[in-house]
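# Output the structure for:
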Amino acid sequence: MQGFLLSVVAFILAIGILVTIHEFGHYWVARKAGVKVLRFSVGFGKPLWKKVAGPDATEYVLAAIPLGGYVKMLDEREGNVDSSEMHRAFNRQSVWARIAIVLAGPLANLILAVFLYWLIFVVGITGVAPIVGEPEGGSPAAAAGFVEGDRITRVTDKSTPTWDTVYVAMLDSIVDSEDSISFTVQAEDGGTYQRQLAIDTTDLLSGREDIVYKLGLRRWWPEVEPVIGGLVEGGAAQAAGLMVGDRVLQSDGQTVNLWSDWVMLIRASPNKTLQLKIERNGEIIDMPLTPGVRELESGTIGFIGARETQSQELIDEKLRTVERYSPGTAVAKAFQRTGDMISVSLGMIGKLFTGEASLKNTVSGPISIAQFAGQSVSVGIDHYLNFIALVSISLGIFNLFPVPMLDGGHLLYYAVEVVTGKPVSERIQLVGQQLGLLLLAGLMTFVFYQDILRVLPS
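Sure thing, here's the model as predicted:
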């Protein structure tokens with residue numbers, strides 16, 4: 001329940017920030033263009049708070065439904081306008097002024113992303129060093145020559161201090177439809193080597209599996225002894241009688257040498273009773289254990305609510321890293337990261353239209369986004385800000401789609417006006433709004449349905 005509430009609060013806060021920044025972009029440019037702003041609303045529906053302020057008596061509103069917002073401007077198409085204020089009506093502005101006002105919302109989201117990335121890089125964002133574990137036999141990673149201990153320092157021309165940056169750089173190559181990805185690695189012998197990884201973009205973009213995993217790359221993780229370091233209250237391990245400090249020797253007669261062996265056995269045995277042999281204070285004890293069930297997108301796995309603690313010191317020593325730059329360098333890095341994410345997003349959209357990527361595997365709805373928000377804030381404020389930056393980029397790009405009801409739809413009308421020299425007729429705009437509303441309603445229904453499928457048990 002606590003995790004659910006954290007996800008909801010983190011989601012609402014993130015959406016509130018993103019909507020406020022987006023609408024402020026419209027508001028600020030409209031004011032600079034001399035347009036009278038009647039209302040600035042964050043959220044839809046019943047007002048929870050409102051205040052009238054400023055020389056134009058603008059109404060500032062915080063509404064009940066936090067999934068959007070709007071800026072209402074003086075406009076002859078929406079009501080009578082006093083002759084003394086005609087020059088301040090939105091519809092009376094030049095087409096270039098209207099384009100600037102509409103474009104300002106999505107641009108504000110992209111500017112926010114640059115600022116957040118800059119802040120993250122100045123303060124520092126924690127990550128996992130991209131050290132490779134033993135590749136899966138027969139995989140593209142094995143064929144490319146990856147060996148355990150390789151530390152990935154660059155992917156194509158991009159520096160990769162963390163696994164997250166490796167993932168983004170790989171996605172960039174995948175959406176560019178390249179047939180291989182070039183890696184620079186530092187091996188355990190201190191040498192620097194090139195690894196050329198062959199890829200099949202269509203195969204990688206089908207399904208929801210991690211692309212790193214599908215290529216046979218494995219993230220290095222310390223191998224530790226199968227000793228219980230902690231127990232989840234009420235979990236299957238505690239119910240069976242396991243205690244902190246117990247060493248697992250055997251499971252159904254199979255010797256357990258490493259904690260990773262133990263994890264694999266448990267994951268493969270949901271609701272199956274295992275006969276354990278453990279060592280406790282020098283004494284050998286036999287006991288039964290029945291793992292519980294956990295539903296993942298990839299299927300059902302066993303789960304007992306036990307953890308090891310020996311790896312933490314090794315993780316801190318070898319894996320944990322912080323990506324941090326000076327304020328000046330962070331500016332360039334922030335623009336680069338924003339550009340990379342825009343490139344990947346547009347590339348994935350292109351793959352959707354060509355059929356190389358599936359809509360259900362690439363589009364997330366409010367439920368999934370809320371889960372990501374909760375997960376990121378539980379890791380740390382740096383990861384939560386990174387999440388907000390990524391969603392801000394997605395929101396900016398989405399609003400530029402040439403679909404009526406979105407900013408991009410209005411920009412499409414204004415582009416026609418620039419070419420033809422006259423505005424698109426109100427009748428065509430009305431039909432476009434109706435079609436756009438149907439399209440957006442269909443998309444929202446689809447993503448909600450996919451979200452529900454993700455969270456419901458298989």
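# residue ranges of the helices in the stretch 1-150 of the chain, please?
Listed in chain order, the helices of the stretch 1-150 of the chain (DSSP state H, counting those that start in this stretch) span residues 2-32, 95-123, 140-143.
# scratch that, the stretch 151-300 of the chain is what I was asking about
Under DSSP H, counting those that start in this stretch, the stretch 151-300 of the chain gives helices at 163-175, 201-204, 211-214, 236-240, 259-267.
# chain center to the second one: distance?
It stands for helix 201-204. 20 Å (Cα atoms, centre = their mean, to the nearest Å).
# on that earlier part again, which of the helices of the stretch 151-300 of the chain sits most buried?
helix 163-175 (a mean of 21; mean count of other Cβ atoms under 10 Å). In this view, the C-beta of every residue, glycine as well, is placed from N, C-alpha and C.
# which one of the helices of the stretch 1-150 of the chain lies closest to residue 393?
Among the helices of the stretch 1-150 of the chain, helix 95-123 comes nearest to residue 393, with 4.8 Å by Cβ to Cβ.
# for this structure, which spans come out with low pLDDT?
The model of the chain has pLDDT under 70 over residues 1-3, 206-209, 296-299, 355-366, 450-451, 453-458.
# Break it into its domains for me.
95-124+326-458, 125-219+312-323, 230-309 (automatic domain parsing).
# Reformat the ones you listed into TSV and put distance to residue 70 next to each item.
Shown next, in TSV, are those (distance: least, Cβ to Cβ, whole Å):
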stretch	distance to residue 70
domain 95-124+326-458	10
domain 125-219+312-323	33
domain 230-309	35
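# of all the helices of the stretch 151-300 of the chain, which lies closest to residue 342?
helix 163-175 (10.5 Å).
# Just the CA trace of that closest one, in PDB.
Output of helix 163-175 as PDB, limited to C-alpha atoms (Å, rounded to 0.1, in the frame of the first residue of the first chain):
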ATOM      1  CA  TRP A 163      24.600   1.100 -17.900                       C
ATOM      2  CA  ASP A 164      21.800   3.700 -18.500                       C
ATOM      3  CA  THR A 165      24.000   5.600 -20.900                       C
ATOM      4  CA  VAL A 166      24.900   2.300 -22.700                       C
ATOM      5  CA  TYR A 167      21.200   1.500 -23.100                       C
ATOM      6  CA  VAL A 168      20.500   5.000 -24.600                       C
ATOM      7  CA  ALA A 169      23.400   4.800 -27.000                       C
ATOM      8  CA  MET A 170      22.400   1.300 -28.100                       C
ATOM      9  CA  LEU A 171      18.800   2.400 -28.700                       C
ATOM     10  CA  ASP A 172      20.100   5.300 -30.800                       C
ATOM     11  CA  SER A 173      22.000   2.800 -33.100                       C
ATOM     12  CA  ILE A 174      19.000   0.500 -33.200                       C
ATOM     13  CA  VAL A 175      16.500   3.200 -34.300                       C
END
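# Are there helices or strands packed against that helix, and which ones?
strand 125-128, strand 151-155, strand 158-159, strand 180-186, helix 201-204, helix 211-214, helix 327-354 (3 or more Cβ pairs under 8 Å, 6 or more residues apart in numbering; DSSP states H and E).
# got the angle for the last one vs helix 163-175?
Comparing the axes of helix 327-354 and helix 163-175 via axes from the mean of the first three to the mean of the last three Cα atoms, to 10 degrees yields an angle of 40 degrees.
# which parts of helix 327-354 are buried?
Residues 330-331, 333-334, 337-338, 340-342, 344-345, 347-349, 351-352 are the ones in helix 327-354 that count as buried (16 or more other Cβ atoms under 10 Å).
# any idea how far residue 20 is from residue 186?
44 Å (Cβ to Cβ, to the nearest Å).
# Also residue 95?
55 Å.
# swap in residue 399?
42 Å.
# between those two, which one's more packed in?
residue 399 (21 against 16; other Cβ atoms under 10 Å).
# now the more buried one: how far from residue 101?
Going from residue 399 to residue 101 by Cβ to Cβ gives 13 Å.
# Same question for residue 406.
Remark: distance between residue 406 and residue 101 (Cβ to Cβ) = 14 Å.
# Compare these two (neighbour count), which wins?
Using other Cβ under 10 Å as the criterion, residue 406 and residue 101 rank with residue 101 on top: 25 against 20.
# what's residue 48 in contact with, if anything?
Neighbouring residues of residue 48 by Cβ atoms under 8 Å, 6 or more residues apart in numbering: 62, 63, 64.
# okay, those in JSON lines with neighbour count and distance to residue 81 next?
Output for the contacts of residue 48, formatted as JSON lines (neighbours: other Cβ atoms under 10 Å; distance: Cβ to Cβ, whole Å):
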{"residue": "62", "neighbour count": "17", "distance to residue 81": "27"}
{"residue": "63", "neighbour count": "18", "distance to residue 81": "25"}
{"residue": "64", "neighbour count": "10", "distance to residue 81": "29"}
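# Show me which of these is closest to residue 260.
residue 64 (48.6 Å).
# these two touch, right, that closest one and residue 49?
No. Using Cβ atoms under 8 Å as the test, residue 64 is too far from residue 49 to be in contact (10.3 Å).
# So which residues of the stretch 301-450 of the chain form helices?
So, for the stretch 301-450 of the chain - with DSSP H, counting those that start in this stretch - the helices run 311-314, 327-354, 359-362, 366-379, 381-399, 407-420, 426-455.
# Using CSV, lay out those together with distance to residue 162.
Formatted as CSV, the helices of the stretch 301-450 of the chain follow (distance: least, Cβ to Cβ, whole Å):
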stretch, distance to residue 162
helix 311-314, 17
helix 327-354, 12
helix 359-362, 23
helix 366-379, 13
helix 381-399, 11
helix 407-420, 33
helix 426-455, 26
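# Could you single out the most deeply buried of those?
helix 381-399 (a mean of 21).
# what comes into contact with that helix?
10, 14, 17-18, 21-22, 105-110, 112-113, 116-117, 119-120, 123-126, 338, 341-342, 345-346, 349, 369, 372-373, 376-377, 406-408.
# swap in stretch 72-79?
30, 35-41, 81, 85-86, 88-92, 101, 426.
# Recalculate using a threshold of 7 Å.
Under the criterion Cβ atoms under 7 Å, 6 or more residues apart in numbering, residues 30, 35, 36, 37, 38, 39, 81, 85, 88, 89, 90, 91 lie in contact with stretch 72-79.
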